[in-house]
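Q: below is the sequence, then the predicted model.
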Amino acid sequence: MKIVVIGGTGLIGSQVVTRLTEHGHEAVPAAPNTGVNSITGEGVMEALAGADVVVDVSNSPSFADQDVLDFFTTSTNTLIAAAKEAGVGHYVALSVVGADELPNSGYLRAKVAQEALIESSGLPYSIVRATQFFEFLARITDEATEGNQVHLPTAYFQPMAAADVAAVVARTAAGAPLNRRHEVGGPERFRMADLVRGALAAKNDPREVVSDPEAKYFGTALGETSLAATAEDAEVAPTHLADWSAARASAGATAH
């Protein structure tokens, strides 16, 4: 199959392209740096010509509320129109677990708007809702840092490896449309503050983590399991945090 991956040069997209190629598909990475821009429309029709599947793992360059909403609505409308014109038979998108339960987050509101456009498009579709990536723990920590303190919620979250996210997206793209959302999360639940406290201690980072039930997560308050995969049929990814951390440490040692 010809599968076009929008955002195909990024963290998730590049791994999706690799996995699909390894399984014999014609996986085409499409992004502004390959001449395909879903905001301006540049190169989109050309990229989707003859495609069986389009996979959207693109992300907004700005997370400001209006910017991210504009990005996802404009991009998704562009891709839907082009997919219909090209006769694409499956639209796959990556979204976020709990997006519709956290309306105070501008980013998650934008993801909900994206999902709604896809679901109402008339195209056969699959939406993969993933939990947070291990790779984003540093950003979560930095966002919550005030001086020498890191104020984090006590809520649970269920992070997973980006490679596992890519594996689920690639498998979904190669399969029949689900015409629904599919949740996937990591194999362990952690209290966010506890996990970050341990991660900083392991790196001898002097910042103090404050467990604060009122602390916001990127501007929004969390329920106990807002960021956990709670659907009855949620998939559990295989990679544990300790194994991911060990592999990263090993790769870093090898690189040096």
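A: Great, that's in hand.

Q: going forward, measure contacts between C-alpha atoms and count neighbours the same way
A: Fine.

Q: dump the residue contacts of the closest residue to residue 226 other than its chain neighbours.
A: Take residue 226 and drop its neighbours on the chain: the residue closest to it by Cα to Cα, 6 or more residues apart in numbering is residue 98, 5.6 Å away. Residue 98 makes contacts with 226-229, as judged by Cα atoms under 8 Å, 6 or more residues apart in numbering.

Q: with the residues you listed in mind, which one is nearest to residue 40?
A: Each of the contacts of residue 98 was scored against residue 40 by Cα to Cα, and residue 227 proved nearest at 32.7 Å.

Q: where's the residue nearest to that closest one when sequence neighbours are not counted relative to residue 76, distance?
A: Nearest residue to residue 227, sequence neighbours excluded (Cα to Cα, 6+ apart): residue 157, at 5.0 Å. Between residue 157 and residue 76 the distance is 28 Å, computed by Cα to Cα, to the nearest Å.

Q: any buried residues in the helix or strand containing residue 83, and which?
A: Residue 83 is part of helix 65-86, with elements assigned from DSSP states H and E. By 16 or more other Cα atoms under 10 Å, the buried positions in helix 65-86 come out as 68-69, 71-80, 82-83, 86.

Q: run through who's touching it.
A: The contact list for helix 65-86, computed with Cα under 8 Å, 6+ apart, reads 38-39, 41, 44-45, 48-51, 54, 59-62, 91, 105-107, 109-111, 113-114, 117-118, 121, 123.

Q: just checking, what packs against the next helix-or-strand element following it?
A: Per DSSP H and E, the first helix or strand lying C-terminal to helix 65-86 is strand 90-96. Packed against strand 90-96 by the contact rule (3 or more Cα pairs under 8 Å, 6 or more residues apart in numbering; DSSP states H and E) you find strand 53-56, helix 106-119, strand 125-130, helix 162-174.

Q: adjacent strands (with direction) for strand 90-96?
A: Here strand 90-96 is paired, per DSSP bridges, with strand 53-56 (parallel), strand 125-130 (parallel).

Q: confidence score at residue 101?
A: What the model reports as pLDDT for residue 101 is 89.

Q: list the contacts for it?
A: residue 226.

Q: and if you look at residue 105?
A: Neighbouring residues of residue 105 by Cα under 8 Å, 6+ apart: 65, 218-220.

Q: mind putting those into JSON lines with distance to residue 200?
A: Below are the contacts of residue 105 laid out as JSON lines (distance: Cα to Cα, whole Å):
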{"residue": "65", "distance to residue 200": "29"}
{"residue": "218", "distance to residue 200": "19"}
{"residue": "219", "distance to residue 200": "22"}
{"residue": "220", "distance to residue 200": "23"}
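
Q: coming back round to it: please state the offset of the helix holding residue 83 from the chain centre?
A: Centroid displacement of helix 65-86 relative to its chain, using Cα atoms, centre = their mean, to the nearest Å, is 17 Å.

Q: same thing with stretch 36-53?
A: 21 Å.

Q: end to end on that stretch, go ahead and measure it.
A: End-to-end distance for stretch 36-53, by Cα to Cα: 16 Å.

Q: pLDDT (mean, whole number) over that stretch?
A: Stretch 36-53 shows a mean pLDDT of 98.

Q: what residues of that stretch count as buried?
A: Buried, per 16+ other Cα under 10 Å, within stretch 36-53: 36-39, 43-45, 47-53.
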